[in-house]
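K.L.:
With the input below, show me the fold.
(chains A, B, C and D)
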4 protein chains.
Amino acid sequence: MLLDASDCQLVLVDYQARLMPAIAHGEEVLDRAGRLAALATLFGVPCWGTEQVPDKLGTMPATLRRACQQVWAKAAFDASDTPLQQHLCASPRPAGNARSLPRHLQKPAAPPRHTVVLAGCEAHVCVMQTALTLLEHDELEVVVVTDACGSRRERDRDAAFDRLAAEGATLVTTEMVGFEWLRSARDERFAQALAILK
Amino acid sequence: MLLDASDCQLVLVDYQARLMPAIAHGEEVLDRAGRLAALATLFGVPCWGTEQVPDKLGTMPATLRRACQQVWAKAAFDASDTPLQQHLCASPRPAGNARSLPRHLQKPAAPPRHTVVLAGCEAHVCVMQTALTLLEHDELEVVVVTDACGSRRERDRDAAFDRLAAEGATLVTTEMVGFEWLRSARDERFAQALAILK
Amino acid sequence: MLLDASDCQLVLVDYQARLMPAIAHGEEVLDRAGRLAALATLFGVPCWGTEQVPDKLGTMPATLRRACQQVWAKAAFDASDTPLQQHLCASPRPAGNARSLPRHLQKPAAPPRHTVVLAGCEAHVCVMQTALTLLEHDELEVVVVTDACGSRRERDRDAAFDRLAAEGATLVTTEMVGFEWLRSARDERFAQALAILK
Amino acid sequence: MLLDASDCQLVLVDYQARLMPAIAHGEEVLDRAGRLAALATLFGVPCWGTEQVPDKLGTMPATLRRACQQVWAKAAFDASDTPLQQHLCASPRPAGNARSLPRHLQKPAAPPRHTVVLAGCEAHVCVMQTALTLLEHDELEVVVVTDACGSRRERDRDAAFDRLAAEGATLVTTEMVGFEWLRSARDERFAQALAILK
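P.N.:
Okay, here's the model as predicted:
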């Protein structure tokens, strides 16, 4: 299934100052994260961030932080000690007539954006644990942007991608995200998206 | 399941003059596309082409164009702004007695060729988006010829193949296509097919 | 599921004199085939062979031929023009009382050995086509010994393995076959098996 | 699904003195096994060991042996000639009132720890055969720690991982195990776990 910008949310995981220098190909990973954040801004895709014990590992770069509606500090690798999951599953109250129905007749509201696009570090720790926890929410599609993820050891990173795929996550690249959010060269944001991707 | 020439259609995606030089291993990709087109002609497999904004990216090579029954210009990466999908799903009216049945008793006609063999560029943009859109048609089998597909970056290309496989496309090579359309060394087209493949 | 020697049959596909020199790593492939054939003999696993248009491509080596109960010449890449499939699915008549039952009450006899272990050349033509045709027999398990298979181009070979796995074949190596047929270091054939594998 | 330390058991397979020198990257494999054993001790995960014909292949290193509650000598590659499976599936008797129920009303007791984490040598012989046999117990999850497994030939090892994944095992790395048993940087064992992993 193609990604639909209006159904997506973006989560940037732990791109932190004192972690990134240890990441294999860390600069390229960070470069891709910057493009993802710019694409999210261009397409109005809500973006959230997490930082693992930021007092020790530092904060994420200011350019990434600015793209995030909120950034949560955490100690749990899967961000289960932050409100991230509630935000991702949050749903607007049913509007109009539906509200006048007695509560037990109201349909449970679906989350407004079902596709969670995840990227960050380390691929096999915080990104994978966050993704596997989100995969337990049946109403969410979990998508991982591999070229914007990194680990210290490449073997751990690649093993994370294999396990994520086996457990039901969809693996994509930054360019796939950009061109699926865009869908057509006739979209008015085509030139801007291309400038971000090239 | 083996490919059956009488059940196949071939779609050549965006092998365009100003795109190919940027493709990794672009010459080999184009070489494979030429063989696919020649095989389609030899085995009477209908062949269609697409060109992404040809006023900017140029047209496909004349040898490929000649093999196509029709070539459509498009702006949507998945060709959804062309009649490609209708052509692929088009079905001859039921013949003979069936036509005299009242309409509601007529069986819905199946498409005459259920297997869509896709190849082109970029693997992770127009080829993948076209394939994923076609995969939503349950009556179609979607087959992607990997060695006739390319992207600028090999990582994007390989990620496209992995995602296509995960979503239900069958991945093949040009030689597989040729030898499955042929099926036997005793087929009268054996020498010609071999000349194309070798 | 582990391979069980008493449930296996081995099929050696097209290891022919004028084909092997063109195969990538052909000598190693042939070396592995020799070990497989020796293991089949040691464990009493029935072994069959095929030769593609042997008047043109030559015959298989005498050592492999000797291990085969029968070798069939063929022109169809999937061996469907030989009695291979009937032999693989052949079943002894039901014995004893069952025979006195009226025919419509007799249970259809299961094939005596459900696991077909395949190896040969080219991996993406005759081996793959034979395997995919056998996979349509629901009562057969199809197992392909990857290090005893070869193609001229490695890319075609690897694509064949990926497609075979996706379509339900089990991929193994020669050593896996040997140690699963053996099961225990206490088996009386342990020393002989080890001599074949090392 | 994330690994939960309280649901795991660890099995160390055949890290034996006269086998390890023949294993590709044997020292790194042994190093990872040492970390796994230390993690098991830290998190109170029960650890079992096997040794293949130890009179010929030698014993496992003392540091690994000390982490194991029991080490069984075996000749069967899948350890089916040891009490390993019974220990892994062993379950405490139902306590309290449940025992006073008539036997046919007592719920069958589930095994106390459903996740078996396996590592050892050779990946494609004893580790794979043990894993495939355990996978037949539907109540067990089988997890293989790839970077703590080895074979003499890398091709055999990688083929084992592919086959294990295809048959339902979960593939992880040593670091994944450590960070999933830990779950949070706030866990009191964080510093110790990090010292083991780094």
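
K.L.:
Mean confidence (pLDDT) on the helix of greatest length in chain A, please.
P.N.:
The longest helix of chain A (DSSP state H) is helix A:26-43. The pLDDT scores in helix A:26-43 average 98.

K.L.:
mind listing what's buried in it?
P.N.:
By neighbour count on 16 or more other CB atoms under 10 Å in any protein chain shown, the buried set for helix A:26-43 is A:26, A:29-30, A:32-40, A:42-43. Yep, even glycine has a C-beta here, placed from its N, CA and C like the rest.

K.L.:
Now do the very next helix or strand once past it: distance to the chain's middle.
P.N.:
Heading C-terminal from helix A:26-43, the first helix or strand you meet, by DSSP states H and E, is strand A:47-52. Distance of strand A:47-52 from the chain centroid (CA atoms, centre = their mean, to the nearest Å) equals 9 Å.

K.L.:
what do you get for stretch A:79-93?
P.N.:
So, by CA atoms, centre = their mean, the centroid of stretch A:79-93 is 13 Å from its chain's centroid.

K.L.:
Could you confirm whether the longest helix of chain A reaches chain B?
P.N.:
No - judged by CB under 8 Å from any CB of the partner chain, helix A:26-43 and chain B are separated, with a smallest distance of 10.2 Å.

K.L.:
Restrict that helix to CA atoms and write it as CSV.
P.N.:
The C-alpha coordinates for helix A:26-43 follow below in CSV (Å, rounded to 0.1, in the frame of the first residue of the first chain):
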residue,chain,number,x,y,z
GLY,A,26,26.0,8.8,11.3
GLU,A,27,26.3,11.9,9.1
GLU,A,28,24.3,10.3,6.3
VAL,A,29,21.7,9.1,8.7
LEU,A,30,21.3,12.6,10.2
ASP,A,31,21.2,14.1,6.6
ARG,A,32,18.3,11.8,5.8
ALA,A,33,16.5,12.7,9.0
GLY,A,34,16.7,16.4,8.1
ARG,A,35,15.1,15.6,4.7
LEU,A,36,12.3,13.7,6.4
ALA,A,37,11.6,16.5,8.8
ALA,A,38,11.5,19.0,5.9
LEU,A,39,9.2,16.8,4.0
ALA,A,40,6.9,16.5,7.0
THR,A,41,6.8,20.3,7.3
LEU,A,42,6.1,20.6,3.5
PHE,A,43,3.2,18.1,3.5
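
K.L.:
Tell me the buried residues in stretch A:135-142?
P.N.:
For stretch A:135-142, by 16+ other CB under 10 Å, it's A:135, A:140-142.

K.L.:
now, which of the residues you listed lie within strands?
P.N.:
A:141-142 (DSSP state E).

K.L.:
so which of the buried residues of stretch A:135-142 comes closest to C:Leu12?
P.N.:
Taking CB to CB as the measure, C:Leu12 lies nearest A:Leu135 of the buried residues of stretch A:135-142, at 43.8 Å.

K.L.:
these two touch, right, that closest one and A:Val142?
P.N.:
Yes - here A:Leu135 reaches A:Val142: they are 5.1 Å apart, a contact under CB atoms under 8 Å.

K.L.:
any common contacting residues for the two?
P.N.:
Counting by CB atoms under 8 Å, 6 or more residues apart in numbering or on different chains, the residues touching both A:Leu135 and A:Val142 are A:168-169.

K.L.:
picking up where we left off before, save the buried residues of helix A:26-43 as JSON lines, and put in distance to chain D too.
P.N.:
Shown next, in JSON lines, are the buried residues of helix A:26-43 (distance: CB to the nearest CB, whole Å):
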{"residue": "A:Gly26", "distance to chain D": "17"}
{"residue": "A:Val29", "distance to chain D": "18"}
{"residue": "A:Leu30", "distance to chain D": "21"}
{"residue": "A:Arg32", "distance to chain D": "22"}
{"residue": "A:Ala33", "distance to chain D": "21"}
{"residue": "A:Gly34", "distance to chain D": "26"}
{"residue": "A:Arg35", "distance to chain D": "28"}
{"residue": "A:Leu36", "distance to chain D": "24"}
{"residue": "A:Ala37", "distance to chain D": "25"}
{"residue": "A:Ala38", "distance to chain D": "30"}
{"residue": "A:Leu39", "distance to chain D": "29"}
{"residue": "A:Ala40", "distance to chain D": "27"}
{"residue": "A:Leu42", "distance to chain D": "34"}
{"residue": "A:Phe43", "distance to chain D": "31"}
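
K.L.:
and chain A, which residues reach chain D?
P.N.:
A:52-53, A:75-78, A:81, A:124-125, A:128-129, A:132-133, A:136, A:153, A:155-156, A:159-160, A:162-163, A:166-167.

K.L.:
And the least confident helix or strand in chain A by mean pLDDT, what does it pack against?
P.N.:
Lowest by mean pLDDT, DSSP states H and E among the helices and strands of chain A is helix A:84-89, with a mean of 92. Here helix A:84-89 touches strand A:8-13, strand A:47-52, helix A:128-135, going by 3 or more CB pairs under 8 Å, 6 or more residues apart in numbering or on different chains; DSSP states H and E.

K.L.:
Now do the buried residues in it.
P.N.:
Buried residues in helix A:84-89 (16+ other CB under 10 Å): A:84-85, A:87-89.

K.L.:
Which single one of those is nearest to chain C?
P.N.:
Nearest to chain C among the buried residues of helix A:84-89: A:Leu88, at 31.9 Å, using CB to the nearest CB.

K.L.:
Could you report the separation of the closest one from A:Ala79?
P.N.:
10 Å (CB to CB, to the nearest Å).
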